[in-house]
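# predicted model and sequence below, questions to follow.
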Amino acid sequence: RPGRILIVDDERSFGVTLRLLLMDLHEVAYTPRAKEALEWIREGRRYDAILCDLMMAEVTGRQFHEALRVQSPEQALRIIFMTGGAYTPSSREFVEQTTLPLIIKPFKREALDRLLIPLLPRA
């Protein structure tokens with residue numbers, strides 16, 4: 001079931017690699033900047049799933065999610081967080097409280113696909 005996927009991750013090599021991995025089945029957009037992702041969504045772009053790194057330098061995944069909840073609540077429900085670890089007290093608290101999916105880096109394609117399935121269009 002192909003879908004439209006947005007990847008937001010400030011680790012450029014990871015984001016590009018993940019895009020290449022997913023573009024065999026999906027339409028995939030990638031940006032290393034959360035502000036750019038918010039701008040795209042404000043312009044009207046819609047995604048079936050948004051893969052967002054939790055620990056980013058400029059705008060954290062939590063801050064991205066909070067801004068998206070205000071700007072486009074339906075898109076905020078489509079986030080899958082990715083992390084190599086929740087290192088700050090704030091991010092650890094967020095991980096414990098969020099009901100949104102979270103996948104730990106590094107992960108296998110199959111694990112990500114399981115999280116994507118409920119978000120993708122039905123055949």
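Sure, I can see it.

# and the contacts of the least confident helix or strand in the chain by mean pLDDT?
Every helix and strand in the chain was compared by mean pLDDT, DSSP states H and E; the lowest is helix 89-97, with a mean of 87. For helix 89-97, contacts defined as Cβ atoms under 8 Å, 6 or more residues apart in numbering pick out Leu54, Met55, Thr60, Gly61, Arg62, Phe81, Thr83, Ala86, Leu102. C-beta: built from backbone N, CA, C; applies to glycine.

# flag the least confident of these.
pLDDT across those is lowest for Ala86, at 65.

# count of neighbours near Ser91?
Neighbours of Ser91 under the rule other Cβ atoms under 10 Å: 18.

# roughly how far does Arg122 sit from Asp48?
11 Å (Cβ to Cβ, to the nearest Å).

# higher neighbour count, those two?
When Arg122 and Asp48 are compared for neighbours, Asp48 comes out ahead with 18 against 5, by other Cβ under 10 Å.

# need the contact list for that one.
Asp48 touches Gly3, Arg4, Ile5, Arg78, Leu119, Leu120, Pro121, counting by Cβ under 8 Å, 6+ apart.

# how many neighbours does the closest residue to it other than its chain neighbours have?
Computed as Cβ to Cβ, 6 or more residues apart in numbering, the closest residue to Asp48 that is not its neighbour in sequence is Gly3, at 3.6 Å. For Gly3, the neighbour count with other Cβ under 10 Å is 18.
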